[in-house]
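Visitor: Sequence and predicted structure are below.
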Amino acid sequence: PHPQPEREGMFHRGLGLNLTSGQYMAPVAGYYTFTATLHIVRREQQRKGQPCRENSLRVLICVQSRCQHNSKLETMSRLESVGDLFTISVTGVLYLQAGQYASVFVDNTAGSPLTVLSGSDFSAILLGV
């Protein structure tokens with residue numbers, strides 16, 4: 001039997017994904033393909049008088065929360081407008097040892113609040129050992 005999803009519309013098969021922590025733990029060592037697709041709304045513009053910041057957003061999938069090392073996948077997007085929904089995705093292959101985990105990180109350099117909406121997803125599939 002497979003674990004039941006926590007909410008309707010969510011597909012969850014296998015034991016590696018922890019919905020509470022947002023981490024995927026590798027049950028066996030091997031190459032995994034990871035995909036994260038985030039639907040995001042930028043809520044407000046930067047306030048006047050604040051220093052101008054780069055309006056970009058990085059989404060990363062990192063192994064063991066070590067985003068500064070080579071064991072990560074990364075994409076970057078510029079934020080052009082306020083209040084609009086946009087989607088940012090990152091995908092690729094990482095090697096994980098048994099018991100290592102991967103998770104999604106958002107690096108917001110825009111200086112305005114962002115909201116990640118429901119319907120965003122994170123997946124991992126074992127390609128081979």
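Guide: Looks like it came in fine.
Visitor: right, and residue 87 touches residue 41 too?
Guide: No - the pair residue 87 / residue 41 is not scored as a contact, 10.7 Å apart, by CB atoms under 8 Å. Backbone N, C-alpha and C define where each C-beta goes, glycine included.
Visitor: shaky segments in this structure?
Guide: 1-14, 44-54, 80-83 (pLDDT under 70).
Visitor: ok, now with 90
Guide: The model of the chain has pLDDT under 90 over residues 1-23, 40-58, 66-71, 75-87, 107-121, 123, 128-129.
Visitor: nearest spatial neighbour of the residue nearest the centre of it, skipping sequence neighbours?
Guide: For the chain, residue 104 is the residue whose C-alpha lies nearest the centre (CA atoms, centre = their mean; 3.1 Å). Counting by CB to CB, 6 or more residues apart in numbering, residue 104 lies nearest to residue 36, which is 4.6 Å off, once chain neighbours are set aside.
Visitor: Return the list of helices and strands in contact with the helix or strand containing the one you found.
Guide: In the assignment (DSSP states H and E), residue 36 maps to strand 30-42. If contacts are counted by 3 or more CB pairs under 8 Å, 6 or more residues apart in numbering; DSSP states H and E, strand 30-42 sits against strand 56-63, strand 85-96, strand 101-108, strand 114-116, strand 121-128.
Visitor: could you give the angle of the first one to strand 121-128?
Guide: Using axes from the mean of the first three to the mean of the last three CA atoms, to 10 degrees, the direction of strand 56-63 lies 40 degrees away from that of strand 121-128.
Visitor: in its sheet, what does strand 56-63 sit against?
Guide: Strand 56-63 has the following sheet partners, assigned by DSSP bridges: strand 72-78 (antiparallel), strand 101-108 (antiparallel).
Visitor: Name the stretch among those strands that sits most buried.
Guide: Stretch with highest mean neighbour count among these: strand 101-108 (a mean of 18; mean count of other CB atoms under 10 Å).
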